[in-house]
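Student: no FASTA, just this:
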């Protein structure tokens, strides 16, 4: 793991938060504004490897593996999946940042990491000074708009939420092939954009019963307790209070089926800006230089 070529100057470690151990890398310029970079399914913090190289001179970077992913702990799911709710995962990250001495920070999240970052901005508004989400629309709105086109494109949303242990057993039977299919889909033309070292890390971290269960629990929570939390927040009029940047892939499902700017502006009381990128879903790896430039411009003073 520590022989990965992109993380020279970063320190990898485990941090006790909320009764579990989170794995994270910390690096970049000491004393610079802190920036939390959060990965999504089915990856790990390694998603950010080339982006981090560009951002390291400008920010103090924190790259965690979410619970259930990468090298972080992967607890068994609770009956209502509360221990994989975005509220719980956001609390993990808030505790991690506090343990590192960062009371207020920037956040960028891709895919599931964007959903965790959204909840982090709602539940810990005093901590999040700016927020970027990459290739997502709000979970609540995406489920509400489900039709045949969306179900076909994002079938995994409906497969992974089935009761344990059926989806776990099905994926475990061909975990590597399943992983490659996910990484090469959603508008991403195969897996050629992923460096061999990164792909090997994804395979090592995802292709275990514990990681597959963690991913399923993440999605089960999204289709249940997360929607309950979102409904309560919306009924209370809660909105993201900081400026937001949206990036989405012009070959991806979000671009084809949703209006991300309009949907996020309805959930944010500050300024929301964004753009479509010439990519599929996995934008930070498909377009690392462009992603880094957009983040640098947004998060810089």
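Tutor: Alright, I've got the coordinates. Quick caveat: nothing in here was measured; it's all calculated off a predicted structure.
Student: Flag the shaky bits of the stretch 151-300 of the chain, pLDDT-wise.
Tutor: For the stretch 151-300 of the chain, no stretch has pLDDT under 70.
Student: how about the strands in the stretch 151-300 of the chain?
Tutor: Remark: strands assigned in the stretch 151-300 of the chain by DSSP state E, counting those that start in this stretch are 243-249, 272-277.
Student: What's the biggest strand in this protein, counting residues?
Tutor: strand 20-28 (DSSP state E).
Student: and the strands of the stretch 151-300 of the chain as CSV, adding mean neighbour count and distance to residue 208?
Tutor: For every residue, glycine as well, the C-beta is placed using N, CA and C. Shown next, in CSV, are the strands of the stretch 151-300 of the chain (neighbours: other C-beta atoms under 10 Å; distance: least, C-beta to C-beta, whole Å):
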stretch, mean neighbour count, distance to residue 208
strand 243-249, 23, 29
strand 272-277, 18, 32
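Student: Make CSV from those and add distance to residue 98 to it.
Tutor: Compiled in CSV, the strands of the stretch 151-300 of the chain are given as follows (distance: least, C-beta to C-beta, whole Å):
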stretch, distance to residue 98
strand 243-249, 22
strand 272-277, 27
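Student: Ok, which of those strands comes nearest residue 118?
Tutor: Of all those, strand 243-249 sits nearest to residue 118, with 9.2 Å by C-beta to C-beta.
Student: I'd like to know which elements the closest one is packed against.
Tutor: strand 128-134, helix 253-257, helix 260-265, strand 272-277, helix 283-286, helix 288-299 (3 or more C-beta pairs under 8 Å, 6 or more residues apart in numbering; DSSP states H and E).
Student: if we go to 6 Å?
Tutor: Judged by 3 or more C-beta pairs under 6 Å, 6 or more residues apart in numbering; DSSP states H and E, the packing partners of strand 243-249 are strand 128-134, helix 260-265, strand 272-277.
Student: Adjacent strands (with direction) for it?
Tutor: strand 128-134 (parallel), strand 272-277 (parallel) (DSSP bridges).
Student: got the angle between it and helix 288-299?
Tutor: Taking axes from the mean of the first three to the mean of the last three C-alpha atoms, to 10 degrees, one finds strand 243-249 and helix 288-299 inclined to each other by 160 degrees.
Student: rewinding a little: which element follows the longest strand of the chain toward the C-terminus?
Tutor: Sequence order places strand 34-38 as the next helix or strand after strand 20-28, per DSSP states H and E.
Student: Now residue 158: closest residue in space that isn't a chain neighbour?
Tutor: Leaving aside its chain neighbours, residue 158 sits nearest to residue 151 (6.4 Å; criterion: C-beta to C-beta, 6 or more residues apart in numbering).
Student: residues touching the residue nearest the centre of the chain, list them.
Tutor: Nearest to the mean C-alpha position of the chain, by C-alpha atoms, centre = their mean, lies residue 113 at 1.6 Å. Residue 113 is in contact with 38, 39, 40, counting by C-beta atoms under 6 Å, 6 or more residues apart in numbering.
Student: among those residues, who's most crowded?
Tutor: Among the contacts of residue 113, residue 38 has the most neighbours (other C-beta atoms under 10 Å), with 30 neighbours.
Student: Can you verify my assumption that it contacts residue 109?
Tutor: Yes. Between residue 38 and residue 109 a contact is recorded at 3.9 Å, counting by C-beta atoms under 6 Å.
Student: anything in contact with each of those two?
Tutor: Here residue 38 and residue 109 have 116, 117 as joint contacts, going by C-beta under 6 Å, 6+ apart.
Student: Run through the bridge partners of residue 27.
Tutor: With DSSP bridges as the rule, residue 27 is bridged to residue 61.
Student: How about the contacts made by it?
Tutor: Applying C-beta under 6 Å, 6+ apart to residue 27 gives the contacts 9, 10, 56, 61.
Student: what does residue 268 give?
Tutor: 239, 240, 244.
Student: That one and residue 128, how far apart?
Tutor: 12 Å (C-beta to C-beta, to the nearest Å).
Student: Then residue 99?
Tutor: Taken as C-beta to C-beta, the span from residue 99 to residue 128 is 17 Å.
Student: Look at these two and report which has more neighbours.
Tutor: Comparing residue 99 with residue 128 by other C-beta under 10 Å, the one with more neighbours is residue 128, at 25 against 13.
Student: give me the element the closest residue to that one other than its chain neighbours is part of.
Tutor: Leaving aside its chain neighbours, residue 128 sits nearest to residue 121 (4.5 Å; criterion: C-beta to C-beta, 6+ apart). Using DSSP H and E, residue 121 falls within helix 112-123.
Student: This completes my enquiry, with thanks.
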